[in-house]
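Colleague: kindly generate the corresponding structure for this input.
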Amino acid sequence: MMEQTEVFKMADELKAAKDEKKELEAKTKEVNARIEELDRELSDAMADAECDKFTRNGSTFYLNSRLYASPAAGGRDALIHALKDNGYGSIVTETVNANTLASFCKEQMTANEDELPEWLSGVVNTFEKVTVGIRKK
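Modeller: Below is the predicted model:
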């Protein structure tokens, strides 16, 4: 059996790694905000200068336009119906949220002696992952 000091050492290492990850995520968030700000400023400056492309220090900078689209607030079903009604149903896909599916499978296993029902076992893969949670006092 592992000594208690070894367990404590691993716990300290895990906590340190999770703390480092949190710090890196915060730094990444800051850098992403700065990138977004600089990107907006540079693209505005390039548009004002009527410059769609230039090379600087071995890198080519160019204006790139990309359209993003999403359903209007609360209008997902209306969008799907509109697409189908107008002959574009082929771009509509059905999905199941991964967390919802995991919860459903857990419920089914609880109701079926910790086994997936036969009708479900051939169409879904499951696995359990054990992790160590950490919370402050």
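
Colleague: only C-alpha atoms for contact and neighbour calcs from this point on.
Modeller: Will do.

Colleague: mind listing the strands for the chain?
Modeller: Assigned by DSSP state E, the chain shows strands spanning 53-56, 59-62.

Colleague: highest mean neighbour count out of these?
Modeller: Among the strands of the chain, strand 59-62 has the highest mean neighbour count (mean count of other C-alpha atoms under 10 Å), at a mean of 11.

Colleague: which non-adjacent residue is nearest residue 46?
Modeller: residue 52 (6.4 Å; C-alpha to C-alpha, 6 or more residues apart in numbering).

Colleague: quick one, what contacts the one you found?
Modeller: 46, 62, 63 (C-alpha atoms under 8 Å, 6 or more residues apart in numbering).

Colleague: same deal with residue 78?
Modeller: Applying C-alpha under 8 Å, 6+ apart, no residues qualify as near residue 78.

Colleague: if we go to 10 Å?
Modeller: Residue 78 sits next to 71, 72, 84 when contact means C-alpha atoms under 10 Å, 6 or more residues apart in numbering.
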